[in-house]
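Enquirer: below: sequence and its predicted model.
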Amino acid sequence: MLQKNSFDQHMKIAKRLFLFFLFASILTLGNGCATLPNVSEKIDEAPAAQEPRQIVSSKGLLSPEKSKAIMERLKQSVDPTDILERYTAVIESVTESPLTRGNKVTLLIDGPASYAAMFAAIRSAKDHINLETFILEDDEIGKKFTDLLLQKQKEGIQVNIIYDSMGSITTSESFFKRLRDGGIQVVEFNPVSPHKGRLEWLMVNPDHRKILIVDGKVAISGGVNISNVYSTRLSGRKKVKGEPLPWRDTDIQIEGPAVAEFQKLFLDTWSKQDGPELSKPNYYPELKEAGNALVRVVGSTPGTDNRITFIVYVAAITFAERSIYLTNAYFVPDKQILKAFTDAAGRGVDVKIMLPSNTDSQIVLNAARHNYSELLEAGVKIYERRNVVLHAKTAVIDGVWSTVGSTNLDSLSLLSNDEVNAVVLSREFAVEMERMFANDLAQSDQIELDKWEQRPFSQKIKEAFAHLFSRWL
């Protein structure tokens with residue numbers, strides 16, 4: 001029975017991925033003229049870094065003097081870096097999402113940690129629960145979530161769910177009907193409906209965000225979907241024949257003023273998807289300062305001017321002065337990102353990139369490996385994580401700038417998806433991020449240039465072939 005369940009799980013995942021990449025490929029073909037913004041131009045157009053940054057507290061916008069004092073204290077906690085001034089000026093010029101102070105941030109290193117935090121937050125709910133996810137599976141974890149959500153709805157706590165149509169394409173309609181029958185309001189993001197109209201259903205963009213908001217006071221976000229594949233505790237052991245590898249992912253829990261920015265994104269998506277009229281919970285309660293971290297919540301939607309997470313990554317890499325430690329699940333970067341990494345290594349920045357050695361998409365892994373030689377020759381250090389399916393999307397730069405989110409460095413995330421990342425400016429949180437990266441590093445294999453160049457010719461052919469499809473990955 002165990003082997004049959006494992007086989008069925010693999011078949012469900014394989015089917016979902018096949019359909020997802022089919023639809024995503026057609027989507028990108030249909031959106032072939034879409035381009036990414038020129039980040040160099042955005043940097044040139046940004047206001048002078050000497051201008052005081054605008055920081056929002058629980059009581060509203062701080063004065064320029066107070067904002068400057070906060071940034072000065074943060075600068076004194078680390079070695080000099082442009083990422084606190086020039087980078088912040090660039091991001092302020094392209095997004096209305098404010099930099100908020102007074103946030104408590106908690107790093108949730110893997111799926112079990114994320115689920116434990118989510119269940120605890122849901123159980124504590126007293127007003128409302130908003131959940132937005134790419135994948136909502138009808139499996140053991142999915143049932144645990146929905147049973148708890150139905151119980152909270154029965155207690156009078158309004159539950160609202162947004163799930164992505166393509167990401168959850170293998171989940172039966174009866175699963176969602178049970179939620180609706182229980183009083184939960186459910187929205188299917190850009191429904192995949194080939195029988196409705198002509199080709200409009202092919203032109204959807206996926207909602208790749210993962211956001212849980214409870215009472216407008218706690219937000220959990222990152223890369224973790226609602227699926228059994230994330231539920232295994234990481235042990236570092238080797239793969240056992242017949243057993244699936246655990247998925248290695250990361251979330252962040254935030255309490256404080258930044259939660260309102262996640263709420264805005266959720267409610268905006270609900271409105272754009274013509275969700276049913278919401279009841280009147282207190283979606284924007286008064287938020288007290290809960291910690292010391294500065295947090296900016298960055299959402300992206302399709303459109304040249306709206307690819308904010310792309311600008312966030314390129315600008316942060318561009319202004320790095322000492323270290324860049326990046327972990328990414330699907331690494332098929334465009335030329336701007338590649339140049340930002342190679343330029344950083346060229347000016348002496350310690351650039352380390354953590355990528356999968358095991359994956360749910362071999363063509364994406366081969367496309368990523370096509371770029372290894374260029375990066376290694378420039379001095380970038382590349383590592384492949386062993387014994388897990390690496391699905392995290394995180395980075396920590398110069399010991400003070402960190403991000404945790406849903407954004408992969410590939411065309412789907414950067415051009416077609418709705419994405420969200422939390423950017424944290426905090427020395428203390430960066431130390432936790434660096435510790436997590438070091439732990440992954442100890443369980444990884446470094447790719448050495450001389451050995452890499454000696455890989456089999458057949459492997460080079462696979463990489464070159466996969467690279468041809470980079471635009472659709």
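Expert: Thanks, I have it. Residues are numbered from 1 along each chain as shown.
Enquirer: from now on I want contacts and neighbour counts done on CA atoms only, so please keep to that.
Expert: Fine.
Enquirer: please parse this structure into its domains.
Expert: 2-31+105-272, 39-101+293-472 (automatic domain parsing).
Enquirer: any idea which of the ones you listed gets closest to residue 285?
Expert: Among the domains of the chain, the nearest to residue 285 by Cα to Cα is domain 2-31+105-272 (6.3 Å).
Enquirer: where's residue 383, which helix or strand?
Expert: Here residue 383 sits within strand 381-385, counting by DSSP states H and E.
Enquirer: next secondary structure after that strand?
Expert: Using DSSP H and E, the helix or strand that follows strand 381-385 in sequence is strand 389-390.
Enquirer: parallel or antiparallel, which strands does that next one pair with?
Expert: strand 247-248 (parallel) (DSSP bridges).
Enquirer: gap between the strand it pairs with and the chain center?
Expert: 14 Å (Cα atoms, centre = their mean, to the nearest Å).
Enquirer: can you list the residues that contact the strand holding residue 383?
Expert: The contact list for strand 381-385 (Cα atoms under 8 Å, 6 or more residues apart in numbering) reads 351-358, 372, 375-376, 440-441, 443-447.
Enquirer: give the contact list for the closest residue to residue 436 other than its chain neighbours.
Expert: Closest residue in space to residue 436, ignoring its immediate chain neighbours: residue 109 at 7.4 Å, by Cα to Cα, 6 or more residues apart in numbering. Residues near residue 109 by Cα under 8 Å, 6+ apart: 249-251, 436.
Enquirer: mean confidence score for the strand holding residue 383?
Expert: Mean per-residue pLDDT for strand 381-385: 98.
Enquirer: who wins for most neighbours among the contacts of residue 109?
Expert: Highest neighbour count within those, by other Cα atoms under 10 Å: residue 251, with 29 neighbours.
Enquirer: partner residues bridging that one?
Expert: In this structure, residue 251 bridges to residue 108, residue 222 when assessed by DSSP bridges.
Enquirer: pLDDT score for it?
Expert: In this prediction residue 251 is given a pLDDT of 98.
Enquirer: residues in contact with it?
Expert: By Cα under 8 Å, 6+ apart, the contact list for residue 251 reads 107-110, 114, 220-224, 404-405.
Enquirer: which one of those is nearest to residue 334?
Expert: residue 405 (19.0 Å).
Enquirer: look up phi and psi at that closest one.
Expert: In terms of degrees, to the nearest 10, the main-chain angles of residue 405 are phi -170, psi -160.
Enquirer: show the contacting residues for it.
Expert: Contacts of residue 405 by Cα under 8 Å, 6+ apart are 221-223, 251, 393-394, 419-422.
Enquirer: so how far is residue 160 from it?
Expert: 21 Å (Cα to Cα, to the nearest Å).
Enquirer: now do residue 114
Expert: 20 Å.
Enquirer: same deal with residue 180?
Expert: From residue 180 across to residue 160, the span is 10 Å (Cα to Cα).
Enquirer: likewise for residue 104?
Expert: 25 Å.
Enquirer: these two - which one has more neighbours?
Expert: For residue 104 and residue 160, the more surrounded residue by other Cα under 10 Å is residue 160, and the numbers stand at 27 against 20.
Enquirer: residue 127 is in contact with that one, correct?
Expert: No. Contact criterion Cα atoms under 8 Å: residue 160 and residue 127 do not qualify, at 11.6 Å.
Enquirer: so which helix or strand takes in residue 340?
Expert: With DSSP H and E as criterion, residue 340 is part of helix 335-346.
Enquirer: that helix packs against which elements?
Expert: helix 308-319, strand 350-356, helix 372-377 (3 or more Cα pairs under 8 Å, 6 or more residues apart in numbering; DSSP states H and E).
Enquirer: what sits up against it?
Expert: Here helix 335-346 has contacts from 39, 313-314, 317-318, 320-321, 351, 375, 378-380, using Cα under 8 Å, 6+ apart.
Enquirer: show me which pair in the residues you listed is furthest apart.
Expert: It's 39 and 379 that sit farthest apart of these, by Cα to Cα, at 22.7 Å.
Enquirer: neighbour count for those two, which is higher?
Expert: residue 379 (22 against 19).
Enquirer: okay, the residue nearest to residue 307 when sequence neighbours are not counted: pLDDT?
Expert: Counting by Cα to Cα, 6+ apart, residue 300 is the residue found nearest to residue 307 once chain neighbours are left out, at 5.2 Å. With respect to pLDDT, residue 300 scores 91.
Enquirer: cool, and residue 237?
Expert: On the pLDDT scale, residue 237 gets 45.
Enquirer: so where is the stretch 51-200 of the chain shaky, pLDDT-wise?
Expert: In the predicted model of the stretch 51-200 of the chain, residues 51-53, 193-200 satisfy pLDDT under 70.
Enquirer: quick one, strands of it?
Expert: 55-57, 60-61, 99-108, 128-133, 158-164, 185-189 (DSSP state E, counting those that start in this stretch).
Enquirer: list the buried residues in the third one.
Expert: So the one you mean is strand 99-108. Within strand 99-108, the residues scored as buried using 16 or more other Cα atoms under 10 Å are 99-105, 107-108.
Enquirer: quick one: terminal-to-terminal distance for stretch 370-390?
Expert: End-to-end for stretch 370-390, by Cα to Cα: 18 Å.
Enquirer: and what of stretch 395-406?
Expert: Stretch 395-406: ends 12 Å apart by Cα to Cα.
Enquirer: now that stretch, how far from the centre of its chain.
Expert: Counting by Cα atoms, centre = their mean, stretch 395-406 comes out at 12 Å from the chain centroid.
Enquirer: what mean pLDDT does it have?
Expert: Stretch 395-406 comes out with an average pLDDT of 97.
Enquirer: list the contacts for the residue nearest to residue 349 when sequence neighbours are not counted?
Expert: Take residue 349 and drop its neighbours on the chain: the residue closest to it by Cα to Cα, 6+ apart is residue 322, 4.7 Å away. Residues in contact with residue 322 (Cα under 8 Å, 6+ apart) are 81, 348-350, 397-398.
Enquirer: repeat for residue 118
Expert: 212, 220.
Enquirer: same thing with residue 92?
Expert: residue 98.
Enquirer: now it: how far from residue 81?
Expert: Separation of residue 92 from residue 81 (Cα to Cα) stands at 18 Å.
Enquirer: what does residue 376 give?
Expert: Counting by Cα to Cα, the gap from residue 376 to residue 81 is 24 Å.
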